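In: sequence first, predicted model second:
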Amino acid sequence: MKTEQTFMMVFRYSPNPEYQPTPQEIKQMKEDWGSFIGNIAIKEKLESTHQLGFNGKQISADLNVSDGILILESKTISGNMIVKANSLDEAVTMAKDSPILKMGGSVEVRNIIPMEN
């Protein structure tokens with residue numbers, strides 16, 4: 001049996017401030033995310049998950065602080081999920097069910113390297 005490793009899924013999408021989803025679309029998105037997260041949790045593979053808001057500040061190397069979130073190539077990070085898997089391929093297979101993909105977004109899956117004390 002392989003030892004499980006920890007991976008982070010980083011969810012990205014292109015925000016569109018002019019588009020407001022209908023109440024039915026919001027309900028469906030919540031159901032889709034609930035199913036996605038629930039299916040991972042029921043397999044005891046979920047460590048944590050976070051949705052990110054749109055309020056933020058950025059701090060540059062010269063300690064200059066600017067308002068807003070980073071939008072690069074028209075995409076921003078919308079959240080993340082920490083999962084346990086036997087391999088990167090297994091984590092990628094889990095990520096393929098992410099509702100962000102239906103929204104035209106993407107998922108980046110990366111291994112997590114524990115910090116040494």
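Out: Alright, I've got the coordinates. Remember, predicted model here, so these are calculated numbers, not experimental data. Numbers count the residues shown, from 1 in each chain.

In: now stretch 49-67: buried residues?
Out: Buried residues in stretch 49-67, defined by neighbour count with 16 or more other CB atoms under 10 Å: T49. Where you see a C-beta, it was placed from the backbone N, CA and C, and this is true even at glycine.

In: quick one: terminal-to-terminal distance for that stretch?
Out: Start-to-end span of stretch 49-67 (CA to CA, to the nearest Å) is 25 Å.

In: now stretch 90-103
Out: End-to-end span of stretch 90-103 (CA to CA): 23 Å.

In: got the contact list for Q58?
Out: 65-66, 68-70 (CB atoms under 8 Å, 6 or more residues apart in numbering).

In: K84 too?
Out: 4-7, 44-47 are the contacts of K84 under CB under 8 Å, 6+ apart.

In: just among the residues you listed, which is most surrounded?
Out: When neighbours are counted by other CB atoms under 10 Å, F7 leads the contacts of K84 with 23 neighbours.

In: that residue reaches N111, doesn't it?
Out: Yes: because the distance of 5.7 Å satisfies CB atoms under 8 Å, F7 is recorded as touching N111.

In: shared neighbours of the two, anything?
Out: L88.

In: next, work out how far apart I42 and E90 are.
Out: 16 Å (CB to CB, to the nearest Å).

In: what do you get for S35?
Out: Counting by CB to CB, the separation of S35 from E90 is 19 Å.

In: can you classify the spatially most distant residue from the centre of the chain as helix, strand or coil?
Out: Most distant from the centre of the chain: D62, at 28.6 Å, with distances by CA atoms, centre = their mean. Of the three states, D62 takes coil under DSSP: H, G, I helix; E, B strand; the rest coil.
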